[in-house]
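K.L.:
Based on what follows, work out the 3D shape:
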Amino acid sequence: MYRGISFEDRMDTVDFDVGERAHITVDTDICRSCTTKACVAACPAKLFVPTGDGGILFNYEQCFECGTCYQICNNAGAISWTYPDGGHGVVFRKG
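P.N.:
Sure, this is the predicted structure:
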């Protein structure tokens, strides 16, 4: 269905009703000890960015809520994931 469509064009098919509470939190102190930073490569929306001090910046506002970051993280407690508060989060408009 999406063959030949760029990621940016796919992003145009979704909307985000951002809640005030972040549904994913990242403990940068734990992330500093991580050697793989697997969340950076695994996130389909590219929302994880490594910092110069070994931590991670995370932007939850355009999260697809797929849970990949939580599943792939190998450091217990580094990523806390819950569903967004009712009525908020990713809204698929097409497809």
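
K.L.:
And the helix or strand of the chain with the lowest mean pLDDT, what does it pack against?
P.N.:
When the helices and strands of the chain are scored by mean pLDDT, DSSP states H and E, helix 7-11 comes last with a mean of 76. In terms of contacts (3 or more Cβ pairs under 8 Å, 6 or more residues apart in numbering; DSSP states H and E), helix 7-11 is not packed against any helix or strand. C-beta: built from backbone N, CA, C; applies to glycine.

K.L.:
all helices of the chain, in order?
P.N.:
For the chain, the helices defined by DSSP state H occupy 7-11, 28-31, 38-42, 68-72.

K.L.:
C-alpha coordinates for the third one, PDB please?
P.N.:
It refers to helix 38-42. C-alpha atoms of helix 38-42 as PDB (Å, rounded to 0.1, in the frame of the first residue of the first chain):
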ATOM      1  CA  ALA A  38      19.100   0.700  20.200                       C
ATOM      2  CA  CYS A  39      16.100   3.000  20.700                       C
ATOM      3  CA  VAL A  40      17.800   5.600  18.400                       C
ATOM      4  CA  ALA A  41      17.900   3.200  15.500                       C
ATOM      5  CA  ALA A  42      14.700   1.400  16.200                       C
END
